[in-house]
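Q: next one to model:
(2 chains)
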2 protein chains.
Amino acid sequence: MSQDNAKDHTGAGPPPLPDGFLDTLHSQFGNKVESGQAIREEHGSSEAHYKSMLPDAVVFAEDTDDVVKLMQLCVEHGVPLIPFGAGTSIEGNAAAVRGGVSLNMTRMDKIVAVHAEDFDCVVQPGVRREELNQHLRDQGLFFPIDPGANATIGGMASTRASGTNAVRYGTMRDAVLSLKVVTPQGKVIRTARRARKSAAGYDLTRLYVGSEGTLGIIVEITLRLHPIPEAISSAVCSFETLDGAVDTVVQSIQCGVPLARVEILDALQMKAVNAWSKMYYREAPTLFFEFHGSESFVAEQVETVKALAQDNGGGEFAWSNLPEERNRLWRARHEAYYAAVNLRKGAIGWATDVCVPMSRLAECIRETHADLEQSAIPATILGHVGDGNFHVVFSIDPDAPEEMEEVAAINQKMVERALAMDGTCTGEHGVGLGKQNSLVAELGDAVEQMRMIKRVFDPQNILNPGKIFAL
Amino acid sequence: MSQDNAKDHTGAGPPPLPDGFLDTLHSQFGNKVESGQAIREEHGSSEAHYKSMLPDAVVFAEDTDDVVKLMQLCVEHGVPLIPFGAGTSIEGNAAAVRGGVSLNMTRMDKIVAVHAEDFDCVVQPGVRREELNQHLRDQGLFFPIDPGANATIGGMASTRASGTNAVRYGTMRDAVLSLKVVTPQGKVIRTARRARKSAAGYDLTRLYVGSEGTLGIIVEITLRLHPIPEAISSAVCSFETLDGAVDTVVQSIQCGVPLARVEILDALQMKAVNAWSKMYYREAPTLFFEFHGSESFVAEQVETVKALAQDNGGGEFAWSNLPEERNRLWRARHEAYYAAVNLRKGAIGWATDVCVPMSRLAECIRETHADLEQSAIPATILGHVGDGNFHVVFSIDPDAPEEMEEVAAINQKMVERALAMDGTCTGEHGVGLGKQNSLVAELGDAVEQMRMIKRVFDPQNILNPGKIFAL
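A: Model prediction:
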């Protein structure tokens, strides 16, 4: 499975730019264009294990007009156009498979408006989630979607990101109220108004969210916000077994406890976290919790969950109630990917994710863990266990090509297991390059409906070509 | 605005069925076909003010194979095919504008599976929401989406229905995990797996939800469920002014109170409810509340909201804590449409809805109320005030055509006001026939993206033609 497309295209090499195209770019965009090797490398490499696939040039858009102008140029000349945010995606989602122009959105980083009374805000795609939350804090508001990396909002919308808070607050599917999008037809459309719900026509907002830049370029996002809860409490609890940890979460949700965050980390991941983030946790299967609400409601939630944890072989709860302690805890969680990759010196990472119905989660994690134990390659399990979503991070020796093959096989088995449990091949990373065959295995003929939309929205296949599916 | 399409088509009359088509239907579907006047009337009339637009025949599907077979036949012969549920939509969503076959889904009424541990279930489209909730009760689960009418789940998915619980539990957009759909290409696709979230390709689920039967026929729905809360408390509170009622809701939400239901009814609507449902409420602007949670959390929510209500000119809270009292209260709310229409004997109803950002809601309701007071036609305001969504129900004399024109003008002004406030022309009724021009006013060029999808999914315009937009 997995990297077939990438291999094909890097093998053959991407087609060259049309004659004179780079000159036209420079004349129209001046110093917003860069085509040096270093900057192209930066836009064609990935956090994860994918080979570099470089764009021919990078344009730094400063406003919607830039995007419209560039879109027209690329359509006219048949040149690929790949939107690019913080570069933190991990399925090769922004790789320039066929060369072309990488459209860097990070200069479009204005917070256009905050409507505190309506619990929403309007931002440009280059705004990063941490900066947004800093900006919102004084108004008692926060934006809950947290994929770990300090990603751009545009990138998060494009991959339908979720992360640690999704169990309570949903994913980017739920967080995006409306989008402004530049289409290959050169139109600037707005997909919805600012009302919290609507029955006005097809849900274009949700169609663009998760389309990985293949249908249009997002130039503005209206986001739902939430009030910062009166009380926030975080805790860490280790368990005798992975099953005990998973069962605690499943039972908590069945009891109606609105967990704000609940993350699982296996023993090896805890060891990696201790080494990387200089923490001193027990190296056993562990849950990181966060509770939101009024003081008394948080206390009530905690009581329920503690009792369940105890029944399932959990230890003491180590509390982090001060903001700085909480931040330290969650920073350690957010660094878990790097911690896992660095279990071996000089290793590269391969991160994968699946998501299954809650009733199958313990079994899915148990069987995956057994597979990992059969392999000599260090690999950790961690994830958003309240959604049924978990990751495996492999720490691969880049000079041992047989390790890539071994990981591909384990990944394939993991996807097949998730699909057999009526789960999905990716809970939050997206399809990108790596999950294209898995998508077909998961949704069959429905993928043809996706292709129909792609072909009619982007008939020349200009936008992030080679992603999600073959055409 | 509004009924242009309907008038055009009823004026000219729909095209006749192709020669021999009805015979073919009978020979293929036997006693599942009906073409008598009464049954056609039933499938071509509407709850609301639309003229009857009858199908030529009605087919009662019993399984997915029936739907596939009928789809193939209609595609082959270019005959319109209109899915039909409980017939409770109110924007003419299921009218047979161009004749053809009405596909009655109510015999496909099986609850296929309930996955209690996963909080989801799989149902056929003809299942009605009240029957589903009866079935789920013993397992401690409920399906929260409640548009008032005992609609079918398929119809609710098709119009992206919401209703009284949406403020807490979301709309059909949030409730549908996955769909099985028969496409005009004759394929049976499944749009997603049963995982609670996924980043696997375009969000086809959300594309079909709210597409009003214009893109495919829904034959199975996987729904998210919720645990029945430990405590449920309902209350009624009247206010001196509409503003006071609205402000209480806005402030409650800003305080983070997770209201499960909050409905506004103006003084005239309360008078209508008293008359129709034999209740004895004060005839003043009123809120109907419901609180869900643990005993102590409900108590805490109630305390916050009572204090806010008092600050805003609210009276005493009249509690309904016993299930039978609660049911009586919500039955009265659900009958409010009929209560309003029956303010005049022999009147017909016209129901409209808009949804605006919360910060504009008080102003929007106040100005709408002023418009209604200028008119001699009885009209009430009621709605799901926690979403910024409200309805006006007009009680129209069917023998006074000038009243239809007057209502059309008030409706138009209401939509324009909502759009000027960055709201939507319909929060939950859908576009159907009545809001087609409003949709264009609301979303402009984005409607062309919708048309592109329609044209490629249904190139012959077989599926519920004449709805949502002109092609």
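Q: for chain B, what's its nearest residue on the stretch 201-350 of chain A.
A: When you check the stretch 201-350 of chain A against chain B by C-beta to the nearest C-beta, the closest residue turns out to be A:Arg206, at 3.5 Å. C-beta: built from backbone N, CA, C; applies to glycine.
Q: ok, now which ones touch that residue?
A: Contact partners of A:Arg206, counting by C-beta atoms under 8 Å, 6 or more residues apart in numbering or on different chains, are A:173, A:176, B:173, B:203, B:206-207.
Q: state the helix or strand in which it lies.
A: A:Arg206 is part of helix A:204-208, with elements assigned from DSSP states H and E.
Q: can you list the strands that the next helix-or-strand element following that helix pairs with?
A: Moving toward the C-terminus from helix A:204-208, the first helix or strand encountered (DSSP H and E) is strand A:217-224. Partner strands for strand A:217-224, per DSSP bridges, with pairing direction: strand A:120-123 (antiparallel), strand A:176-182 (antiparallel).
Q: switch those strands over to CSV; also include distance to B:Glu428 and mean neighbour count.
A: CSV is the format used below for those (distance: least, C-beta to C-beta, whole Å; neighbours: other C-beta atoms under 10 Å in any protein chain shown):
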stretch, distance to B:Glu428, mean neighbour count
strand A:120-123, 19, 24
strand A:176-182, 16, 24
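Q: mean pLDDT for those strands - can I get that in CSV?
A: What follows is the strands paired with strand A:217-224, written out as CSV (pLDDT from 0 to 100):
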stretch, mean pLDDT
strand A:120-123, 98
strand A:176-182, 98
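Q: what helix or strand is A:Asp353 on?
A: strand A:348-355.
Q: so that strand, near chain B or not?
A: Yes: using C-beta under 8 Å from any C-beta of the partner chain, we find that strand A:348-355 touches chain B at A:Cys355.
Q: could I get the CA-only coordinates of that strand as PDB?
A: Included here for strand A:348-355 are C-alpha records, laid out as PDB according to Å, rounded to 0.1, in the frame of the first residue of the first chain:
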ATOM      1  CA  ILE A 348      13.300   9.200  11.200                       C
ATOM      2  CA  GLY A 349       9.600   8.900  12.200                       C
ATOM      3  CA  TRP A 350       6.700   7.200  10.600                       C
ATOM      4  CA  ALA A 351       3.400   8.200  12.300                       C
ATOM      5  CA  THR A 352       0.100   6.500  11.400                       C
ATOM      6  CA  ASP A 353      -3.300   6.700  12.900                       C
ATOM      7  CA  VAL A 354      -6.600   4.700  12.800                       C
ATOM      8  CA  CYS A 355      -9.900   5.300  14.500                       C
END
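Q: residues contacting the closest residue to A:Pro398 other than its chain neighbours?
A: Spatially, and ignoring its direct neighbours in sequence, A:Pro398 is nearest to A:Ile348 (4.9 Å; C-beta to C-beta, 6 or more residues apart in numbering or on different chains). For A:Ile348, the set of contacting residues under the criterion of C-beta under 8 Å, 6+ apart consists of A:48-49, A:341, A:395-396, A:398.
Q: could you give the bridge partners of A:Ile348?
A: When bridges are assigned using DSSP bridges, the partners listed for A:Ile348 are A:Ile396.
Q: how far away is it from A:Thr248?
A: Taking C-beta to C-beta, to the nearest Å as the criterion, A:Ile348 is separated from A:Thr248 by 34 Å.
Q: in the strand holding A:Asp353, what's buried?
A: A:348-355 (16 or more other C-beta atoms under 10 Å in any protein chain shown).
Q: hmm, back to that, will you turn the strands paired with strand A:217-224 into JSON lines that also has distance to B:Val97?
A: Formatted as JSON lines, the strands paired with strand A:217-224 follow (distance: least, C-beta to C-beta, whole Å):
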{"stretch": "strand A:120-123", "distance to B:Val97": "36"}
{"stretch": "strand A:176-182", "distance to B:Val97": "30"}
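Q: between those, which one is closest to A:Gly427.
A: Distance to A:Gly427, taken as C-beta to C-beta, is lowest for strand A:176-182 among these, at 17.5 Å.
Q: show me what secondary structure element comes after the closest one.
A: Beyond strand A:176-182 in the direction of the C-terminus, DSSP H and E gives the next helix or strand as strand A:188-190.
Q: how's chain A carved up into domains?
A: Here the domain assignment for chain A is A:4-107, A:111-227, A:231-334, A:339-443, based on automatic domain parsing.
Q: run the chain-centre distance for stretch A:93-103.
A: Here the centre of mass of C-alpha atoms in stretch A:93-103, compared against the chain's by C-alpha atoms, centre = their mean, to the nearest Å, lies 18 Å away.
Q: ugh, wrong one, I meant stretch A:227-235
A: The chain centroid and the centroid of stretch A:227-235 are separated by 24 Å under C-alpha atoms, centre = their mean.
Q: start to end distance for that stretch?
A: Across its full length, stretch A:227-235 reaches 21 Å between end residues, using C-alpha to C-alpha, to the nearest Å.
Q: what mean pLDDT does that stretch get?
A: Stretch A:227-235 shows a mean pLDDT of 94.
Q: does it reach chain B?
A: Yes: between stretch A:227-235 and chain B, judged by C-beta under 8 Å from any C-beta, the touching residues are A:227, A:229-230.
Q: what's that stretch in contact with?
A: A:119, A:137, A:140-142, A:260-261, A:288-295, A:297-298, A:302, A:317-321, A:325-326, A:329-330, B:254-256.
Q: make a markdown table out of the buried residues of strand A:348-355 and add distance to B:Val415.
A: Compiled in a markdown table, those are given as follows (distance: C-beta to C-beta, whole Å):
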| residue | distance to B:Val415 |
| --- | --- |
| A:Ile348 | 56 |
| A:Gly349 | 52 |
| A:Trp350 | 52 |
| A:Ala351 | 48 |
| A:Thr352 | 48 |
| A:Asp353 | 43 |
| A:Val354 | 45 |
| A:Cys355 | 40 |
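Q: immediately after the helix or strand containing A:Val58, which helix or strand?
A: Element membership of A:Val58 [criterion: DSSP H and E] is strand A:57-60. Heading C-terminal from strand A:57-60, the first helix or strand you meet, by DSSP H and E, is helix A:64-77.
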